[in-house]
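> coords please:
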Amino acid sequence: MKVARFHAPGDIRIEDAPEPVAGPGEVKIRVRNCSTCGTDAKIYKFGHHHIRPPRVMGHEIAGEIAEVGDGVAGWAPGDRVQVIAAIPCGACEECRRGRMTVCPNQESMGYHYDGGFAEYMTVPAKVLAVDGLNRVPEGIGYAEASVAEPLACVLNGQELARVGEADDVVIIGSGPIGCLHVRLARARGAARVFLADINAERLAMAADLVRPDEAIRAGEGDLVDEVLKLTGGRGPDVVITAAASGAAQQQAIQMAARQGRISFFGGLPKDAPIIQCDSNLMHYRELTIVGANGSSPRHNAQALRLIADGAVPVADLITHRLPLERVLDGIGIVTRGEAIKVTVEP
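Numbering: from 1, shown residues only. Below is the predicted model of the structure:
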């Protein structure tokens, strides 16, 4: 079979590999779709401290079961499934308290285990042990199911930021995560949703699909002033920084309404993780800043339901479908911001 293996920064190779065999507690799946994201692009360029090459990449995975290992109950060949990306241990203090997104022993598909840029892959027993293998509901395809993983992360972020009815929400960053945030905020009852980006072409492409109440070109004038004008000087109830931008995080603090919630959804580069924070704004406006780190198995299952129910449509966000042999083209498209969502079909 064919796989896409990471060997070193700048070195991902399409290679031949033997088909895996499902071991005890595992299932083997025929990968139908594995979508790409900005993390794949960062791994390609810089590597990752959790990846010991060579490693098959890909963590937004959907396919059908081809083989069931010994001791696996409730699953059979032909079952359509979606696989979690982040694997909590299920046993530590955080997991026991229900905080699986911050499990200190967390492992990941495509990092610690071979991922979905392959024709076949095995799902580790650890995934099944934490209910991380989900049935794909009838009526949605594998490509849509693969988007459940990033939607699960978005769901975690909006739960932490308490996005809800009557909120004005600003999302900074119009990539696939930003688009999912727009749609989920609407599904959660937000009154108005504004989308901002410095990339005019990507903003226009995203706005055409997800139809925010206003698309704001962040590079043309003062973003904070523009948002304050749109909200009658009050500011938004929630600001989500869906971009790896320290400037955006600082702007979020400046624009948030009294008792506003700010989600630092996009992490910052390791060499520039420090921002300036106006502590008096935090204090007198009673602002809340929350982080957002991946998703739990529960979030993945809920994301699939949101897609299947039509509450958060994702099919139209998949702008590019590529064969496995073109995975590097897909990563390049993501890097250049020329797509909303790119999916690989091994």
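> tell me how far the ends of stretch 117-127 are from each other?
18 Å (Cα to Cα, to the nearest Å).
> Using PDB, write out the CA atom coordinates for stretch 83-90.
Output in PDB follows, covering the C-alpha atoms of stretch 83-90 (Å, rounded to 0.1, in the frame of the first residue of the first chain):
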ATOM      1  CA  VAL A  83     -11.100   8.400  14.600                       C
ATOM      2  CA  ILE A  84     -10.200  10.900  17.300                       C
ATOM      3  CA  ALA A  85      -6.800  12.600  16.900                       C
ATOM      4  CA  ALA A  86      -5.900  13.300  20.500                       C
ATOM      5  CA  ILE A  87      -5.800  10.200  22.700                       C
ATOM      6  CA  PRO A  88      -6.200  10.800  26.500                       C
ATOM      7  CA  CYS A  89      -5.000   8.100  28.800                       C
ATOM      8  CA  GLY A  90      -8.300   7.800  30.600                       C
END
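> Okay, helices next: where are they in this protein?
38-46, 93-96, 125-129, 142-146, 148-160, 176-187, 200-210, 223-230, 246-255, 279-285, 297-308, 327-335 (DSSP state H).
> Redo those as JSON lines? Include distance to residue 265 and mean neighbour count.
C-beta coordinates here come from the backbone N, C-alpha and C atoms, glycine included. Listed next are those as JSON lines, based on distance: least, Cβ to Cβ, whole Å; neighbours: other Cβ atoms under 10 Å:
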{"stretch": "helix 38-46", "distance to residue 265": "12", "mean neighbour count": "19"}
{"stretch": "helix 93-96", "distance to residue 265": "20", "mean neighbour count": "14"}
{"stretch": "helix 125-129", "distance to residue 265": "24", "mean neighbour count": "18"}
{"stretch": "helix 142-146", "distance to residue 265": "20", "mean neighbour count": "26"}
{"stretch": "helix 148-160", "distance to residue 265": "5", "mean neighbour count": "26"}
{"stretch": "helix 176-187", "distance to residue 265": "7", "mean neighbour count": "26"}
{"stretch": "helix 200-210", "distance to residue 265": "16", "mean neighbour count": "18"}
{"stretch": "helix 223-230", "distance to residue 265": "17", "mean neighbour count": "18"}
{"stretch": "helix 246-255", "distance to residue 265": "10", "mean neighbour count": "20"}
{"stretch": "helix 279-285", "distance to residue 265": "18", "mean neighbour count": "12"}
{"stretch": "helix 297-308", "distance to residue 265": "14", "mean neighbour count": "21"}
{"stretch": "helix 327-335", "distance to residue 265": "17", "mean neighbour count": "20"}
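> Could you name the helices and strands sitting against the least confident helix or strand in the chain by mean pLDDT?
Every helix and strand of the chain was ranked by mean pLDDT, DSSP states H and E. The lowest is helix 38-46, at a mean of 91. Where contact means 3 or more Cβ pairs under 8 Å, 6 or more residues apart in numbering; DSSP states H and E, helix 38-46 is packed against helix 327-335.
> Between helix 176-187 and the helix it packs on, find me the angle.
60 degrees (axes from the mean of the first three to the mean of the last three Cα atoms, to 10 degrees).
> how far out from the middle of the chain is helix 327-335?
Averaging C-alpha positions (Cα atoms, centre = their mean, to the nearest Å) puts helix 327-335 16 Å from its chain's average.
> Equivalent analysis for stretch 199-208, please.
Worked out by Cα atoms, centre = their mean, stretch 199-208 lies 19 Å from the chain centre.
> so residue 103 makes contact with residue 94?
Yes. With contact defined as Cβ atoms under 8 Å, residue 103 reaches residue 94; the gap is 5.3 Å.
> What does the pLDDT read for the residue lying closest to residue 81 once chain neighbours are set aside?
Excluding the flanking residues, the one nearest residue 81 by Cβ to Cβ, 6 or more residues apart in numbering is residue 133, at 5.4 Å. What the model reports for residue 133 is a pLDDT of 98.
> neighbours around residue 133, how many?
For residue 133, the neighbour count with other Cβ atoms under 10 Å is 23.
> what does residue 220 give?
Neighbours around residue 220, by other Cβ under 10 Å: 10.
> Equivalent analysis for residue 211, please.
Neighbour tally, residue 211, other Cβ under 10 Å: 13.
> Ok, residue 221 next?
When counting by other Cβ under 10 Å, one arrives at 10 neighbours for residue 221.
> Report the separation between it and residue 299.
36 Å (Cβ to Cβ, to the nearest Å).
> Could you do residue 193 as well?
20 Å.
> Which pLDDT value belongs to the closest residue to residue 55 other than its chain neighbours?
Nearest residue to residue 55, sequence neighbours excluded (Cβ to Cβ, 6+ apart): residue 6, at 5.1 Å. pLDDT recorded at residue 6 is 96.
> just the one 10 residues further on next, same as before
Residue 16 is assigned 97 on the pLDDT scale.
> give me every residue that touches it.
1-3 (Cβ atoms under 8 Å, 6 or more residues apart in numbering).
> okay if I get the residues you listed as CSV plus neighbour count, distance to residue 152 and pLDDT?
Formatted as CSV, the contacts of residue 16 follow (neighbours: other Cβ atoms under 10 Å; distance: Cβ to Cβ, whole Å; pLDDT from 0 to 100):
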residue, neighbour count, distance to residue 152, pLDDT
1, 16, 28, 96
2, 16, 28, 97
3, 28, 25, 97
